[in-house]
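Enquirer: Sequence and predicted structure are below.
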Amino acid sequence: MVIEAFVGITGTVLGVFGALFIVYGAAIAIAELLAREVRIRDLSYHDIRWVFTTRILIGLEFFVAADVIKTVLEPTLQDLILLGSLVTIRTVVSYFLGKEVSELPEEQKL
C-alpha cells in the first residue's frame, strides 16, 4: 500500500515535471523570439529552435518515465498496450526532434 502510493506519486511528479520543463522551454523560446524581434538579442531562429527542441526532448523523456512507473501499479494487458503505444509515439517524436537538433551546425548551438 505504501509502495503503491509512492509509485503513484512518483509517476505523477515525473509527469508534472516533464510538462513544466516543456512549458519552461516554451517560455524561454517566446522570450528569445520577442527579444529577437525588438532587436534586443541577436539570436537566430535556429538557436531559438535548438533551445526549445532540447527542452521538449527532456520533457518527453520524463513523460515516458512517468508512464512506465504508473504502469507498474496495474500491469494489465490494456495498460501495457497503451504504454507501448505512448512510448512508441514519444520515441518517434524524440528521435526526429533529436535528429533535427543534431543536424544544426555546431556554432548555432547554445
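Expert: That came through fine.
Enquirer: Low-confidence bits of the chain, can you list those?
Expert: 74, 104-110 (pLDDT under 70).
Enquirer: which residue is nearest the centroid of it?
Expert: For the chain, the residue nearest the mean C-alpha position is Gly59 (2.1 Å; Cα atoms, centre = their mean).
Enquirer: so what's that one closest to, chain neighbours aside?
Expert: In this structure, Gly59 finds its nearest non-sequential neighbour in Ile22, 3.8 Å apart by Cβ to Cβ, 6 or more residues apart in numbering. Where C-beta positions appear, they are placed from N, C-alpha and C, glycine not excepted.
Enquirer: ok, now which ones touch the one you found?
Expert: Residues in contact with Ile22, defined by Cβ atoms under 8 Å, 6 or more residues apart in numbering, are 55-56, 59.
Enquirer: and it, what element?
Expert: Assigned by DSSP states H and E, Ile22 belongs to helix 2-37.
Enquirer: The helix or strand following that helix to helix 2-37, inter-axis angle?
Expert: Using DSSP H and E, the helix or strand that follows helix 2-37 towards the C-terminus is helix 45-73. Orientation of helix 45-73 against helix 2-37 (axes from the mean of the first three to the mean of the last three Cα atoms, to 10 degrees) gives an angle of 170 degrees.
Enquirer: got the buried residues for helix 45-73?
Expert: Neighbour counts over helix 45-73 (16 or more other Cβ atoms under 10 Å) mark 47-67, 69-71 as buried.
Enquirer: chain center to it, what's the gap?
Expert: Per Cα atoms, centre = their mean, to the nearest Å, the displacement of helix 45-73 from the mean C-alpha position of its chain is 2 Å.
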